[in-house]
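Colleague: structural data only, the sequence is not supplied:
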DNA sequence: TAAAAATATTTTAAGGTTGAAGTAAGTGGG
DNA sequence: CCCACTTACTTCAACCTTAAAATATTTTTA
């Protein structure tokens, strides 16, 4: 680890940070695109659909549309379309919310839960394969670093 | 660094690798979405457009459509639309390739070069700001790690 | 050289993404 | 009560993305 240094427009570390970002992005896109391919080939699905089901699998009562878009950090309108298609496929249901006719509670169906369980297991094994060169300790260290980063980004945005 | 360990479906490190990936993805999306916002607000542009211009800025003779999609690792059809719009905006030109009437050489115009120079400078400073907590040495170390990862992913795909 | 194969690009259909505008339904102050 | 405001969600237009089909052109093969 190097000592902290001041952040200036022409900081000599600036170029190194840019290179870091470009590599970060490249690796992230490579992994993501492999996951998208696998989801498509093995489950005829997509990453956004997987993300929606993953979010709902953590809430047995389901989530309202607005909560879903909050959790996933995507726009409201976006969630509408993805949920529409998952409902058509029988993986999700929209349940009316008592005392509020504007809102919907979205939930996994039993079929959706089964499907997601299969996808999640496959997903974990794809990642395990792709990140095989990281040992547990190593993964935890870098993971912590990334969490710090994400926190600092959120603070900067406020 | 931890010792290398075998990769098995129920490797105890598997969950740790999954957590690493989820954090990785979260951080990457946070940075990317900030860049997209900035490009939109400050330059009325998008990340794919920036990527195309960045690729072309490294080749003063320009690139053929297929080379562009190769370099950017996106589909052929995708590049067509993005280049169309950049041509409309006067930032790019399609130049006929002698002796091959199927192909086009795509190049930045002078105006495109100026525009990209401004965007690239802003882009570097956004990254420098967001990744400020990484020192030069630190950024280089993690960057190397990511490059290894990307190489190993490419090998696995073959 | 004619037919077949390969190459370069565009078009198409289906989905994902956003911000902004639109619709419907709840909430509150006067 | 009613008018303004807010909230929950959907629709819309524009762009990005892919795989697959379509076009046009060049190269290879028989």
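Modeller: Done, it's in. All of these numbers come straight from a predicted model, not from anything done at the bench.
Colleague: chain center to the top strand by length along chain A, what's the gap?
Modeller: Of all the segments of type strand in chain A, defined by DSSP state E, the longest one is strand A:100-108. Put simply, strand A:100-108 sits 22 Å off its chain's centre (Cα atoms, centre = their mean, to the nearest Å).
Colleague: list the buried residues of that strand.
Modeller: A:104-108 (16 or more other Cβ atoms under 10 Å in any protein chain shown). In this view, the C-beta of every residue, glycine as well, is placed from N, C-alpha and C.
Colleague: and those residues, which is closest to chain B?
Modeller: The closest of the buried residues of strand A:100-108 to chain B turns out to be residue A:108 (Cβ to the nearest Cβ; 19.5 Å).
Colleague: give me the number of residues near the nearest residue to the closest one once chain neighbours are set aside?
Modeller: In space, and not counting its chain neighbours, residue A:108 is closest to residue A:56: 4.9 Å by Cβ to Cβ, 6 or more residues apart in numbering or on different chains. Residues within reach of residue A:56, counting by other Cβ atoms under 10 Å in any protein chain shown, total 24.
Colleague: now render the buried residues of strand A:100-108 as TSV, adding pLDDT.
Modeller: Listed next are those as TSV, based on pLDDT from 0 to 100:
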residue	pLDDT
A:104	93
A:105	96
A:106	98
A:107	97
A:108	97
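Colleague: and which of those residues is nearest residue B:79?
Modeller: The closest of the buried residues of strand A:100-108 to residue B:79 turns out to be residue A:106 (Cβ to Cβ; 36.3 Å).
Colleague: so for stretch A:123-136, mean pLDDT?
Modeller: Averaging pLDDT along stretch A:123-136 gives 92.
Colleague: of all the residues in that stretch, which ones are buried?
Modeller: Of all the residues in stretch A:123-136, those buried under the rule 16+ other Cβ under 10 Å are A:123-128, A:130-132, A:134-136.
Colleague: which residues of chain A fall in strands?
Modeller: Secondary structure of chain A (DSSP E): strands at A:63-64, A:92-97, A:100-108.
Colleague: who are the packing partners of the first one?
Modeller: Of the remaining helices and strands, those touching strand A:63-64 by 3 or more Cβ pairs under 8 Å, 6 or more residues apart in numbering or on different chains; DSSP states H and E are strand A:100-108.
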